[in-house]
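Participant: sequence-free structure coming up:
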């Protein structure tokens, strides 16, 4: 059996995971009946435009609204305006969109309904600097957070307390209208407060928590940001706030659903699938080493699983940037896995971001074959040096093993599948 035989299976599993998270499939069952008053649609995230289109296609009554998505992720809508902005570092377009959304939900009544469509990426797309901060300050903070190695939960805690719209503030602005938030989760644990930094849900964390994270990772933030946190004026909307009494929150799809869809593809191909976790966190290269250890145990000892099998996992890893290469957390994981496996026969893998963008590149991820390292050495590349330089994209692109999807219009975070066929 040649290694190319498994490339279609790897890609089929990834595609199934992405398809399971498409808004057109998962959003309509969660729509409520029309209200007595107006229906206002707001939203932010990489999937928000596709969510808006799914809502429009299944909503019979009057409808108006604004959602902001990443450049290139626009989906045509008739009644909901789609605005595009920058991700992962915010820009002026996101700033203007946030202000327009706040204006749209002001002055509503208890007869009105606001439907918020929130997905991953909303933290940078829905930008409203807190008191005393500028867009440049927020850009500097975001860039520093992305390089710090902090988890997504920690990064979003800091973002919530430097924002004028996140951490429940947008929900408070909708009061007294009824607010229904429909979420596509891209975070480990599916905690609504961590999806796009929770603009429409109460936030139990504090400014002190945000400061502790900044100190823990040695994050260099602008003086105005530190002053806002130190003063306590950046406090978010807390649980029990009466302005959130009419808020309902539903998760319409999440990483676990995507992994289960991939498991069905594996099973149909004659492989027993095992979902290790839908919420793995930690340094991508460390997670790669851990997966490699499990793969070796399966391949050499038949423990804890029998071959042929597929190991599936999701979540959101982090990368502490030390090199100057072109990387992302999924290709960093895969390169670390490759180095640790050292060409182990009968093992193929794929790792990619379900939004189609890993790191700063328009590349979803990459595939790994048993001969990956041999082909790299033949081209004069040192795999370990590439890993040390955080150059996962450069490494796999040179081999022709990158996975490029274009905008997927959804986002349920990292996807990893490892096919093991060798018998102990």
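Facilitator: Yep, it's here. Please read these numbers as outputs of a predicted model, since none were measured by experiment.
Participant: so where is this protein shaky, pLDDT-wise?
Facilitator: Regions of the chain meeting the criterion pLDDT under 70 cover residues 1-4, 423-424.
Participant: domain parsing for it?
Facilitator: With automatic domain parsing as the criterion, the domains of the chain are listed as 3-18+256-420, 31-253.
Participant: Adding mean neighbour count and distance to residue 24 as columns, could you present those in TSV?
Facilitator: (Each C-beta comes from the backbone N, C-alpha and C, glycine too.) Compiled in TSV, the domains of the chain are given as follows (neighbours: other CB atoms under 10 Å; distance: least, CB to CB, whole Å):
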stretch	mean neighbour count	distance to residue 24
domain 3-18+256-420	20	9
domain 31-253	21	5
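Participant: Okay, strands next: where are they in this protein?
Facilitator: 39-44, 64-70, 80-85, 113-119, 178-184, 247-253, 272-280, 309-315, 347-353, 365-368, 402-403, 414-420 (DSSP state E).
Participant: gap between the shortest one and the chain center?
Facilitator: Distance of strand 402-403 from its chain centroid, counting by CA atoms, centre = their mean, to the nearest Å, is 18 Å.
Participant: and if you look at the longest one?
Facilitator: In terms of CA atoms, centre = their mean, the centre of strand 272-280 is set 17 Å apart from its chain centre.
Participant: Please apply the same query to the last one.
Facilitator: Taking CA atoms, centre = their mean, one finds strand 414-420 lying 17 Å from the centre of the chain it belongs to.
Participant: measure stretch 260-279 end to end?
Facilitator: Length of stretch 260-279, first residue to last, CA to CA, to the nearest Å: 14 Å.
Participant: Give me the contact list for it.
Facilitator: 9, 12-14, 16-17, 19-20, 188-190, 254-256, 259, 291, 294, 305-306, 308-315, 415, 417, 419 (CB atoms under 8 Å, 6 or more residues apart in numbering).
Participant: mind redoing it with 6 Å?
Facilitator: With CB atoms under 6 Å, 6 or more residues apart in numbering as the test, stretch 260-279 has contacts from 9, 12-13, 16-17, 20, 188-189, 255-256, 259, 305, 308-315.
Participant: swap in stretch 394-408?
Facilitator: By CB under 6 Å, 6+ apart, the surrounding residues in contact with stretch 394-408 are 18, 72-73, 325-326, 331, 335, 352, 355-356, 363-367, 375, 386.
Participant: surely residue 316 meets residue 415?
Facilitator: No. The pair residue 316 / residue 415 is not scored as a contact, 11.0 Å apart, by CB atoms under 6 Å.
Participant: Can you list the residue ranges for helices in the stretch 51-200 of the chain?
Facilitator: Shown for the stretch 51-200 of the chain, the helices assigned by DSSP state H, counting those that start in this stretch span residues 92-104, 122-125, 135-148, 152-160, 169-174.
Participant: Over to the stretch 301-424 of the chain?
Facilitator: Assigned by DSSP H, counting those that start in this stretch, the helices in the stretch 301-424 of the chain fall at 329-341, 372-378, 383-388, 392-399.
Participant: so can I have CSV of those showing distance to residue 57?
Facilitator: Supplementary listing: the helices of the stretch 301-424 of the chain in CSV, determined by distance: least, CB to CB, whole Å:
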stretch, distance to residue 57
helix 329-341, 31
helix 372-378, 43
helix 383-388, 45
helix 392-399, 36
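Participant: Minimum distance to residue 135: which of those helices has it?
Facilitator: Set against residue 135 and scored by CB to CB, the helices of the stretch 301-424 of the chain come closest in helix 329-341, at 26.0 Å.
Participant: In terms of secondary structure, what does the closest one contact?
Facilitator: Helix 329-341 makes packing contacts with helix 284-301, strand 347-353, strand 365-368, helix 383-388, helix 392-399 when contacts are defined by 3 or more CB pairs under 6 Å, 6 or more residues apart in numbering; DSSP states H and E.
Participant: residues in contact with the second one?
Facilitator: The set of residues external to strand 347-353 that reach it, using CB under 6 Å, 6+ apart, is 6, 10, 14, 295, 330, 333-334, 364-365, 367-369, 403, 415-420.
Participant: can you tell me the distance between the two ends of stretch 321-330?
Facilitator: For stretch 321-330, the first-to-last residue distance is 14 Å (CA to CA).
Participant: got it, and stretch 195-202?
Facilitator: 12 Å.
Participant: and it, how far from the chain's centre?
Facilitator: The gap between the average C-alpha position of stretch 195-202 and the chain average comes to 14 Å, counting by CA atoms, centre = their mean.
Participant: what's the span of stretch 192-203 from first residue to last?
Facilitator: Between the opening and closing residues of stretch 192-203 there is a gap of 10 Å (CA to CA).
Participant: now what about that stretch, what contacts it?
Facilitator: Stretch 192-203 is touched from outside by 44-45, 116, 118, 122-123, 153, 156, 159-160, 165-168, 170-171, 181, 183, 185, 187, 236-239, 244, 249, with contacts defined as CB under 6 Å, 6+ apart.
Participant: Any idea how far it is from the middle of the chain?
Facilitator: Its chain's C-alpha centre and that of stretch 192-203 lie 14 Å apart, by CA atoms, centre = their mean.
Participant: Could you dump the domains of the chain into a markdown table with distance to residue 25 added?
Facilitator: What follows is those, written out as a markdown table (distance: least, CB to CB, whole Å):
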| stretch | distance to residue 25 |
| --- | --- |
| domain 3-18+256-420 | 10 |
| domain 31-253 | 8 |
